[in-house]
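A.B. asks: Here is the input, now give the coordinates:
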Amino acid sequence: ARDAIRLFLATSGVPYGGVYVRIFNESGNIIFKHLCEKPWLFLKLPEGEYNVIAVDRKKTSQAAPFKVGKEGGRQKVLKLVWPKKVVGY
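C.D. replies: Numbers count the residues shown, from 1 in each chain. Here you go, the predicted structure:
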């Protein structure tokens with residue numbers, strides 16, 4: 001399994017915490033759900049295809065598909081970005 005990293009950012013590039021994250025496997029089952037107070041998340045996930053949905057306290061969501069490759073590969077970095085009008089900075 002590889003580490004999958006989620007980064008939560010404002011469009012200004014400033015880290016953005018306080019995001020509720022759900023990760024779904026390729027079968028559509030929720031495999032992770034947690035409120036992430038910090039603007040990053042590190043997970044070890046088995047090889048496969050996933051979807052992440054993250055919702056901030058203002059109920060604005062961001063979603064993205066991602067794939068985790070074979071063990072021993074590079075770390076996966078996925079950035080979810082919220083617009084300045086939502087974040088305020």
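A.B. asks: And the helices in this protein?
C.D. replies: Applying DSSP state H to the chain gives helices spanning 84-87.
A.B. asks: all strands for it, in order.
C.D. replies: 2-10, 19-24, 30-36, 40-45, 48-56, 61-68, 76-82 (DSSP state E).
A.B. asks: closest to Y89 out of the ones you listed?
C.D. replies: strand 2-10 (5.8 Å; C-beta to C-beta). (Glycine included, C-beta is placed from N, CA and C.)
A.B. asks: quick check: mean pLDDT across the closest one?
C.D. replies: Average pLDDT, strand 2-10: 79.
A.B. asks: go on, stretch 56-67?
C.D. replies: On average, stretch 56-67 scores 94.
A.B. asks: what's the distance between it and the middle of its chain?
C.D. replies: Between the centre of stretch 56-67 and the centre of its host chain there is 7 Å, according to C-alpha atoms, centre = their mean, to the nearest Å.
A.B. asks: Mind listing residues that contact it?
C.D. replies: With contacts defined as C-beta atoms under 8 Å, 6 or more residues apart in numbering, stretch 56-67 is touched by 4, 16, 18-20, 48-55, 76, 78, 80-83, 86-87.
A.B. asks: Mind checking which of these are buried?
C.D. replies: 4, 16, 19, 50, 52-54, 76, 80-82, 87 (16 or more other C-beta atoms under 10 Å).
A.B. asks: tell me the contacts of F32?
C.D. replies: Contacts of F32 by C-beta under 8 Å, 6+ apart are 21-23, 43.
A.B. asks: now W40
C.D. replies: Applying C-beta under 8 Å, 6+ apart to W40 gives the contacts 5-8, 15.
A.B. asks: re earlier: which one among the buried ones among the contacts of stretch 56-67 gets closest to G28?
C.D. replies: Y50 (10.5 Å).
A.B. asks: And that closest one, how close does it get to F42?
C.D. replies: 14 Å (C-beta to C-beta, to the nearest Å).
A.B. asks: and what of V52?
C.D. replies: For V52 relative to F42 (C-beta to C-beta), the value is 13 Å.
A.B. asks: ditto for V68
C.D. replies: From V68 to F42 the distance is 13 Å (C-beta to C-beta).
A.B. asks: neighbour-wise, which of these two wins?
C.D. replies: Counted by other C-beta atoms under 10 Å, V68 and F42 do not tie: V68 has more neighbours, with 20 against 9.
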